[in-house]
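Student: Quick check, what structure comes out for this input:
(2 chains)
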Amino acid sequence: MYKYRKIGLVIGISVLAAFVLIAIFSPVLAPYDPYKITGAPLEKPNRNHLLGTNNMGQDIFSRLVCGTRATLIVGFGGALLMVLIGTCVGIISGYYGGKIDELLTRAVDVVMALPMFPLLIMLAMFLKPSILTLIFLMGILGWTGCARIIRSQVLLFSESNFISGVKAIGASDIYIMVKHVFPNILPLVLVKFVFATQDCMLMEVGLGFLGLGDPFMIDWGQMINRAYIKGGFALGLWWWLLPPGVSIAFLSLAVASVGHSFENEINPRLRRMIL
Amino acid sequence: MIEVENLKKYFSSGMLRKRYVKAVDDVSFHIEKGETLGLVGESGCGKTTIGKAILKLIKPTSGRVIFDGVDLLKLKKKKLRRLRPRMQMIFQDPDSSLDPRMKIGDSIAEPLKLQGDINKGEIKGKILELVETVGLNPEHVNRYPYQLSGGQNQRVVLARILALNPDFIIADEPTSSLDVSVQAQILNMMNDLKREIHLTLLFISHDLEVVRCMSDRIAVMYQGKIVEIGKTEDIFDYAKHPYTNTLISPTSIGDRVILDRDMKNASDYTLGCVFYQRCPFAVERCSKKEPEMIEIGKKHYVLCDRVT
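Tutor: This is a model prediction of the structure:
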């Protein structure tokens, strides 16, 4: 079982790294300018156009490569913000306990009760659509799960002797939270971050499909949306539809695989073996 | 040096109908400079809670703790933090007393760094010095707590505490989770330190023999109350409280006192003596009126109405 997880980790990280490299070097890798009309409309995949062209004659492969960026940026950015807020709230809530904990836990309950995706759609419609808006919205709507899990872990920690010991040598609360509590929950934070990344990527593509993505950036959701609206589904133009869908599926699987391997690493029974 | 007056710590549970567990109930004692007070009692009687409450690691319900003339419980947070290095606590379980993700050396260096005004070279020298004082190997410095044994970790805890040069240490069963040979080593070391740097010590344990060899005076606790307090010899030779007698009697099997009556829920009654339900000498009035501390000898006090 352990070996299997390790293979999963290696494959996951490799695929993820490949996507990141593609995103970074997309201007070099894309054979054509993704916005320019470089061929006849709706060409089948051929030697000049690896994945054919869309209804406007733009190269689909180039668009696919350039679209990687949006998904990755929103995925990592959104997850970072989610985990940042969640970790701060979780640590403060669990460490101080008492009234502060009560208050923050209620806040988590309230935000958690909001249906995230519909709300995200609504807010994305009202606000100026851009990558930063999406990251911001995902961050402030999605931190609750992380906060809750971190809180319970910190609650456990702050009762332990070593925290009492550090308090007794005259350390301030902030020092203890930063120097002792945070490093001890870091593995958990990492796992949460990876899974949050997956969620954010899928949401980004979902929003793109609904036409709520950044209009000035190419993204996979938007590509599927275009194919859908312009009759790609009806006409069965698979080279127009499949590439973005398959890409997001692969990316999502890779991230999930990394997350599961990490999760395994923080399993308390295995922890000693690894550290 | 340290004076504890009417210290109480109640833990409450339930939202509407509050129920209280009196972990520490109206406890008063004092410890003079350089003196060791042993605190004995069965598990769950509130020994650890007293220790933590004195250092304000948990907030006492009421009472006063006066350390060197300062009332700790009235102190502002910042001033308390400045005073804290002078009072330290050794916990029962050495393995959980250290940050699992910090190397031993860093754990020992931490109090030094927090004190400030010390450069890296000095810290390094001080760490090695402390490591030697507590009988560890310099190569342990780069290890993590889980790579050391319980006894070694307890030495690390001790080194970390000694780095602060405290005046007062609360040792909460420092040896109970260690095996016997290591126990003796740690205790001997503490005894040496006591002599060398004139430590004031509150030594908490359920092991009477250990307490006997460590303490100048002994306080016996039962259900959150101190039932008898006096010099070590007096407690062992002239114990007056029936509970103290049951504690020390197993050493002389002939006239062993055995507690037969099982205890009912202690929080169910509030009147009368805490020991009433199990006391072999209890009479009617013990269940009605709370006994008071009476002096029966020099520095020897008993919480029992039936003694005289």
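Student: what bridges to the residue most central in space within chain B?
Tutor: Residue closest to the mean C-alpha point of chain B, counted by Cα atoms, centre = their mean, is residue B:204 at 3.3 Å. Beta bridges link residue B:204 to residue B:39, residue B:172, judged by DSSP bridges.
Student: I figured it hits residue B:39, correct?
Tutor: Yes: using Cβ atoms under 8 Å, residue B:204 makes contact with residue B:39 at a distance of 4.6 Å. C-beta here means a position set from N, CA and C on the backbone, and glycine is covered the same way.
Student: what is in contact with these two at once?
Tutor: Common neighbours of residue B:204 and residue B:39 are listed as B:47, B:50 (criterion: Cβ atoms under 8 Å, 6 or more residues apart in numbering or on different chains).
Student: gap between the residue nearest to residue B:279 when sequence neighbours are not counted and residue A:11?
Tutor: Nearest non-adjacent residue to residue B:279, counting by Cβ to Cβ, 6 or more residues apart in numbering or on different chains: residue B:242, 5.2 Å away. Per Cβ to Cβ, to the nearest Å, residue B:242 is found 71 Å from residue A:11.
Student: These two: who's more crowded?
Tutor: Under the criterion of other Cβ atoms under 10 Å in any protein chain shown, the comparison of residue B:242 against residue A:11 puts residue B:242 first, with 24 against 15.
Student: which ones are touching the more buried one?
Tutor: With Cβ under 8 Å, 6+ apart, residue B:242 has these contacts: B:257, B:275, B:279-281, B:304, B:306.
Student: Restricted to buried residues, select these in ChimeraX.
Tutor: Buried residues among the contacts of residue B:242 (16 or more other Cβ atoms under 10 Å in any protein chain shown), as a ChimeraX selection:
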select /B:275,279,304,306
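Student: low-scoring stretches of the chain, by residue?
Tutor: Since you didn't name a chain, this refers to chain A. Scanning chain A with the threshold set as pLDDT under 70 gives A:1-5, A:266-275.
Student: that's the wrong chain, I wanted chain B
Tutor: Looking at chain B by pLDDT under 70, you get B:15, B:250-270, B:308.
Student: What is the longest helix of it by residue count?
Tutor: Counting by DSSP state H, the longest helix found in chain B is helix B:180-197.
Student: Next, the buried residues of that helix.
Tutor: Applying 16+ other Cβ under 10 Å to helix B:180-197 flags B:182-183, B:185-187, B:189-190, B:193-194 as buried.
Student: now the one residue in the stretch 151-300 of chain B that gets nearest to chain A: how far from residue B:123?
Tutor: As assessed by Cβ to the nearest Cβ, chain A sits closest to residue B:164 within the stretch 151-300 of chain B, at 6.2 Å. Using Cβ to Cβ, we find residue B:164 at a distance of 13 Å from residue B:123.
Student: what about residue B:66, helix or strand, and which?
Tutor: Take DSSP states H and E as the rule and residue B:66 turns out to sit in strand B:62-67.
Student: by contact count, what packs against that strand?
Tutor: strand B:2-13 (3 or more Cβ pairs under 8 Å, 6 or more residues apart in numbering or on different chains; DSSP states H and E).
Student: Can you point out the buried residues in the helix or strand following the strand it packs on?
Tutor: On the C-terminal side of strand B:2-13, the nearest following helix or strand under DSSP H and E is strand B:19-31. Taking 16+ other Cβ under 10 Å as the neighbour-count basis, strand B:19-31 is seen to contain the buried residues B:21-27, B:29, B:31.
Student: same for chain A: which of those residues are within range?
Tutor: Taking Cβ under 8 Å from any Cβ of the partner chain as the test, chain A is in contact with none of the buried residues of strand B:19-31.
Student: Let me know the closest of those residues to residue B:49.
Tutor: residue B:23 (4.3 Å; Cβ to Cβ).
Student: Now do the contacts for the closest one.
Tutor: By Cβ under 8 Å, 6+ apart, the residues touching residue B:23 are B:9-11, B:46, B:49, B:224.
Student: And those residues, which of them are buried?
Tutor: Counted by 16+ other Cβ under 10 Å, those give B:9-10, B:46, B:49, B:224 as buried.
Student: What is the nearest of the residues you listed to chain A?
Tutor: residue B:49 (12.2 Å).
Student: do you know how far the closest residue to that closest one other than its chain neighbours is from residue B:37?
Tutor: The shortest distance from residue B:49 to any non-neighbouring residue, by Cβ to Cβ, 6+ apart, is to residue B:23 (4.3 Å). Using Cβ to Cβ, we find residue B:23 at a distance of 19 Å from residue B:37.
Student: Check residue A:250 too.
Tutor: Relative to residue B:37, residue A:250 is positioned 68 Å away (Cβ to Cβ).
Student: all helices for the chain, in order.
Tutor: Picked chain A for this. Under DSSP H, chain A gives helices at A:2-24, A:26-29, A:60-96, A:98-113, A:116-126, A:131-142, A:144-158, A:161-168, A:173-176, A:182-209, A:220-229, A:232-235, A:238-266, A:268-274.
Student: Oops, wrong one, chain B.
Tutor: Under DSSP H, chain B gives helices at B:47-54, B:77-83, B:104-115, B:120-133, B:150-162, B:180-197, B:208-214, B:232-237, B:242-248.
Student: if we can go back for a sec, tell me the buried residues in the strand holding residue B:66?
Tutor: Buried residues in strand B:62-67 (16+ other Cβ under 10 Å): B:63, B:65-67.
Student: Rebuild those as JSON lines, extending it with distance to residue B:5.
Tutor: Shown next, in JSON lines, are the buried residues of strand B:62-67 (distance: Cβ to Cβ, whole Å):
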{"residue": "B:63", "distance to residue B:5": "6"}
{"residue": "B:65", "distance to residue B:5": "8"}
{"residue": "B:66", "distance to residue B:5": "7"}
{"residue": "B:67", "distance to residue B:5": "12"}
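Student: residue contacts, residue B:70?
Tutor: residue B:83 are the contacts of residue B:70 under Cβ under 8 Å, 6+ apart.
Student: Tell me the bridge partners for it.
Tutor: With DSSP bridges as the rule, residue B:70 is bridged to residue B:67.
Student: what about it, distance to residue B:61?
Tutor: Taking Cβ to Cβ, one finds residue B:70 at 20 Å from residue B:61.
Student: residues from the stretch 101-250 of chain B in reach of chain A?
Tutor: Residues of the stretch 101-250 of chain B lying near chain A (Cβ under 8 Å from any Cβ): B:101-102, B:110-111, B:114, B:144, B:146, B:157, B:160, B:164.
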